[in-house]
Each structure stands twice: as C-alpha cells, then as structure tokens.
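J.: What would the 3D arrangement of this be:
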Amino acid sequence: MKNLTFPLLLFGIVLFFGCAKNISNSNNNGFISTTSSLWPLKAGNAFLYQDSVFDANNNVIESFSDSAYITNQTVNINGSAFYGINDSLGWFGTGSYVTVGSSNTSLYMLDSANASSAYIFFAEAPGDSYLIASSKDFSNPNCISTDALYGFATTYTIKGYTCYKSVETITDCNNAVTYALVYYVSPGAGIVRIEEYSQNPSNTSQLYLDYSQTLVSEKIN
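T.: Residues are numbered from 1 along each chain as shown. Sure thing, here's the model as predicted:
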C-alpha cells in the first residue's frame, strides 16, 4: 500500500528541525527535545497497530489488528544500515528496509534489499508546509505530476504521543491534488499513525480518508 517518494542516493540532503500536528496541537517553533531515536529500529522491536479502511462517505468498511516488527536483516547503503521491517497486513508490507537519518530528524526507506538507492518519506521541518523534497512523475507525458513531501513545525497529540508530521502529496498537471499520505511520528515510539487520502470517485476535486494505521502499543527492546 505504500507510495513511492523521492529517490536519494546519499543522505547529504539538508534536513530541518520541526514538529508535527494532531488532534490537539501546539506550535513550539522548534523541535521535541529528545535523545530517543526517531524510530527505534532494533531486531525484535514490535509495534501493534489498528488499521481501518473507509469508503468515500467516511464509513468504516474494514478494521483489523496489524503487527509490525523489526527483523534481524540489514542492508548497508552508503555507510547507513537499513533494518528489515515485516508489516504483512499493514502499510510497509514485507521486504522493505528502513533507517533513521544521521541527524535523528528523518526517515528513509528501501523498497527491497536489491534497491540501489533510498528515498526519504519523513522529516522534521522549521515551519508548517515546509517543502522537504519533490520529484516529477513522467509516467503520463500528457499530464506530468509532482510528488512533494512537506514537513510541519506544529506538534500534535495522537493517542497520548506527541508527534511530528510529514505530508506527501501528488499534484497533477492541472494543479489538482490527487493523493495525499500523512505520517505522524513520535520519538521513542516511531510511526504512530499513517493516513492515506484518495480522490472521491463521485467528486474528483475532493480527497477522502480511505485508510489509516494507528499505533496501539509497542514493545521496545
């Protein structure tokens, strides 16, 4: 279910301090002071999620428990260790590898052990709607779309976790947002919530929440 973002050959991108947003929010104009890893990636660490699938009328059409855990498999890319994640029922699926950036303010992914480059899918930012990365999609040469990742400097509380937020959007050649993906991350706990928004089939100018994955508990070694 995951959506591909922005290929990065190196982690030399300038990343930013910031926070996220949620049910209750505050703007701290900085970042959550912590020495905890943005996402604790150690073999055996496990995360229990509640996943929900919605229709365009905001009705829950499916809900289920989802366990994600960090495996003992690693891949080294440009001196950075990526850790295998098994989330067979959830967003990350199986065969993906993830890592925390060296500044502890960003997250990167490999779609497989054979991938030649990583892409950023989350980062803190110095302000709301701060552009972190973008790329062009030429799969439809008649309507080239833009895939953009934005960070936020407002913090949000989800299920008691203080979170950072990043939002990925896909915008078509008519400047219409056709897809959005939201990540909420809390240092020490990792990914607390994922939200996927798709075009409403009855009104393509609107997006609706079609999937969510929310942290229930975690087991950190």
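J.: Now do Ser52 against Glu62, distance only.
T.: 7 Å (Cβ to Cβ, to the nearest Å). Heads up, the C-betas are built off the backbone N, CA and C, glycines and all.
J.: Any idea what Tyr161 is bridged to?
T.: On the basis of DSSP bridges, Tyr161 is bridged to Ile158.
J.: Do I have it right that it meets Ala189?
T.: Yes - taking contacts as Cβ atoms under 8 Å, Tyr161 lies within contact range of Ala189: 5.7 Å.
J.: Please identify every residue contacting each of these two.
T.: Residues within reach of Tyr161 and of Ala189 at once, by Cβ atoms under 8 Å, 6 or more residues apart in numbering, are Leu215.
J.: Could you check which helix or strand contains the closest residue to Thr171 other than its chain neighbours?
T.: In space, and not counting its chain neighbours, Thr171 is closest to Thr146: 4.8 Å by Cβ to Cβ, 6 or more residues apart in numbering. Assigned by DSSP states H and E, Thr146 belongs to strand 145-151.
J.: Just list what that strand packs against, helices and strands only.
T.: strand 118-123, strand 130-137, strand 161-171 (3 or more Cβ pairs under 8 Å, 6 or more residues apart in numbering; DSSP states H and E).
J.: Now tell me what touches it from outside.
T.: With Cβ under 8 Å, 6+ apart, strand 145-151 has contacts from 4-6, 16, 18, 120-125, 129-137, 164-173, 178.
J.: how far is it from where the chain is centred?
T.: 12 Å (Cα atoms, centre = their mean, to the nearest Å).
J.: who does it pair up with?
T.: Counting by DSSP bridges, strand 145-151 is paired with strand 130-137 (antiparallel), strand 161-171 (antiparallel).
J.: now the contacts of strand 145-151: which count as buried?
T.: If you count burial by 16 or more other Cβ atoms under 10 Å, the buried members of the contacts of strand 145-151 come out as 5-6, 16, 18, 120-125, 130, 132-133, 164-172, 178.
J.: hmm, back to that, what about dumping the CA coordinates of the strand holding Thr146 to CSV?
T.: The C-alpha trace of strand 145-151 is given here as CSV (Å, rounded to 0.1, in the frame of the first residue of the first chain):
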residue,chain,number,x,y,z
SER,A,145,2.5,15.2,-12.0
THR,A,146,4.5,16.4,-9.0
ASP,A,147,5.3,14.2,-5.9
ALA,A,148,6.1,16.5,-3.0
LEU,A,149,6.9,15.9,0.7
TYR,A,150,6.2,18.6,3.3
GLY,A,151,7.1,18.9,6.9
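J.: Okay, buried residues for it please.
T.: So, applying 16+ other Cβ under 10 Å, buried residues of strand 145-151: 145, 147-151.
J.: Including pLDDT and distance to Tyr197, could these go into JSON lines?
T.: Converted to JSON lines, these look like this (pLDDT from 0 to 100; distance: Cβ to Cβ, whole Å):
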{"residue": "Ser145", "pLDDT": "95", "distance to Tyr197": "15"}
{"residue": "Asp147", "pLDDT": "95", "distance to Tyr197": "14"}
{"residue": "Ala148", "pLDDT": "96", "distance to Tyr197": "14"}
{"residue": "Leu149", "pLDDT": "97", "distance to Tyr197": "15"}
{"residue": "Tyr150", "pLDDT": "97", "distance to Tyr197": "14"}
{"residue": "Gly151", "pLDDT": "97", "distance to Tyr197": "17"}
